[in-house]
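Visitor: Predicted model and sequence below, questions to follow.
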Amino acid sequence: MNGFLVVDKPQGVTSFDVVRTIRRALKVRRVGHCGTLDPMATGVLPIAIGEATRLVEFVMDGEKIYRGTLKLGETTDTQDAEGTILSRSSIDGIDRSQIETAISTLLGPIQQLPPMYSALKRDGVPLYELARKGVEVERALRSIEIYRFELCSVDLPFVTFEVTCSKGTYVRTLAHDLGACLGCGAHLTALRRLKSGAFSEGEAILLDRLRCEPETVQLLPVSAALASLPLLDLSTEALLRLKNGVPPQRSEVSDIQPFPAAGALVTLCRDQQLVAVARFEPERENEPRGDFVLLRVFPANA
């Protein structure tokens, strides 16, 4: 059993709870999720099964889209509504135009400080375990990118928004930082993931369906995770050499237009079957064979 499921994660369960449910329902062991959602959050949680687990990192590398609601005037220790309130401030005088101005300062490439209540580890210990003991440690800033940050509605003290962001973004930290920009503080009260990499809300199935009617569930193909990557068809000769670990020359793959730029990820296929995920790297100095670096090879299709 190989492929992907897109689960509409309900509120109040962890991402690993979903993995456990799928292992039991489908009677498979090789299962992994593609990017954690906090228990409070709902929405798109891609699940990799079997050979698809080899592509988890490519799903996680994709951009994410979220819809969230934050509350101005209060901060919490977890940066969301599940935490303990740390401070309260007046929001008198704050209006939509000020919120939009603050949002504009959080667009583009930015540095974000991961929250203490996170699954990141220090010396093998998750930060959330340290946070629960009242211990705070230094965290390195992360480089992330906010591609889009738009207001949906403003009903003070609540603000609903949509954000498109890079991997590694903590949306509750984004809400916290917006409150800091406004000088009144804020915390996240609701969050739903609408898209993760190639997978979107329209493909998501309810967890209860997996529990009660697992026989009705069909997996998406392994290649579904790579739908946004250029597809290059291999020649017969290149396919034979790839079976021995030799990457193809550019002249041995289909000449699509525009051809991917150097450094781009691509899928190498034969008769629409995924054979490998590779990075286009022509004129490599240390490796004279081929113009691609093979990242994942699927021998059954080669």
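Guide: Thanks, I have it. Only a predicted model underlies this, so the values are computations on that prediction, with no experimental measurement involved.
Visitor: Now for the spatially closest residue to T78 that is not a sequence neighbour: which residues touch it?
Guide: Distance criterion Cβ to Cβ, 6 or more residues apart in numbering; nearest residue to T78, sequence neighbours excluded, is Y117 at 4.3 Å. Heads up, the C-betas are built off the backbone N, CA and C, glycines and all. Contacts of Y117 were listed using Cβ atoms under 8 Å, 6 or more residues apart in numbering, and they are D77, T78, Q79, G83, L127, Y128, A131.
Visitor: Quick check: phi and psi on the third one?
Guide: Reported as degrees, to the nearest 10, the phi and psi values for Q79 are phi 70, psi 10.
Visitor: ok, the strand or helix carrying V154: who's next to it in the sheet?
Guide: Applying DSSP states H and E as the criterion places V154 in strand 142-155. Take DSSP bridges as the rule and strand 142-155 pairs in its sheet with strand 108-112 (antiparallel), strand 158-165 (antiparallel).
Visitor: and among those, the most buried is which?
Guide: Most buried of the strands paired with strand 142-155, by mean neighbour count (mean count of other Cβ atoms under 10 Å): strand 158-165, with a mean of 19.
Visitor: any idea how far that strand is from the chain center?
Guide: Averaged C-alpha coordinates place strand 158-165 at 16 Å from its chain's average position (Cα atoms, centre = their mean, to the nearest Å).
Visitor: Going by secondary structure, P247 is in what exactly?
Guide: Counting by DSSP H and E, no helix or strand carries P247.
Visitor: Would you check how far apart it and A276 are?
Guide: 8 Å (Cβ to Cβ, to the nearest Å).
Visitor: before we move on, the earlier item: assign the residue nearest to T78 to helix, strand or coil.
Guide: coil (DSSP: H, G, I helix; E, B strand; the rest coil).
Visitor: Kindly report the same for S251.
Guide: helix.
Visitor: Could I get the pLDDT score of it?
Guide: As predicted, S251 sits at a pLDDT of 90.
Visitor: quick one: it from L234, how far?
Guide: As judged by Cβ to Cβ, S251 and L234 stand 12 Å apart.
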